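Asks: Here is a sequence together with a model predicted from it:
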Amino acid sequence: MKLEYIEAGEIVTTHGVRGEVKVLCWLDAPEMLCEFDRCRIAGKDYEMESVRVQKTCNLVKLSGVDTMEDAQKFRGKVLELYREDADDAVIFAAELIGMEVYAGDTCIGTIQEVLDYPGNAVYVVQGEHEYMIPAVRQFILSTDVEKNIMQVKLIEGMRSDEN
């Protein structure tokens, strides 16, 4: 299901004396956050004057936040992005949770969790049985976020309770 907001990361600390905050990015790569101009924190909208990458984090300058003291108030808060600002072709892991998964005409369950491994993500699908489905093209045939449906190809060994 398409979400209105996507959780992009946690503000872990301040940076410098001009009001920048350091964001531990939860997106696939910190560079992705640089593509956005606005965000939402604790239910309030902010323009992002600048976003830059620092190692595995982002340094973000929010409009109206001009001192270290102002920035300190954001520590521990979650930075959210507007889904409408992202490319429609991009599917976020949070949008997959609860999605119905079909193998042919049979619903095998819903996605309960997305495990992030170095090679690829793995979808944990729970229904009558539990399945671990690698997020690769040979097994994920189609994903329709609007209809909340994913079509997959199952092979032996994907069902967790198989011998």
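Replies: Nice, I can see it.

Asks: need the helix or strand of the protein with the lowest average pLDDT.
Replies: helix 93-96 (a mean of 93; mean pLDDT, DSSP states H and E).

Asks: What is that helix packed up against?
Replies: strand 5-15, strand 106-116 (3 or more C-beta pairs under 8 Å, 6 or more residues apart in numbering; DSSP states H and E). Quick note: C-beta positions are derived from backbone N, CA and C, even for glycine.

Asks: Quick one: closest of those strands to E128.
Replies: Closest to E128 of the helices and strands packed on helix 93-96 is strand 106-116 (C-beta to C-beta; 7.2 Å).

Asks: Which positions within the helix or strand just after that closest one qualify as buried?
Replies: Once the chain leaves strand 106-116, the next helix or strand it forms, by DSSP states H and E, is strand 121-126. By 16 or more other C-beta atoms under 10 Å, the buried positions in strand 121-126 come out as 121-125.

Asks: Next, give me the two most distant ones among those residues.
Replies: Longest span within those, C-beta to C-beta: A121 and V125, 12.6 Å.
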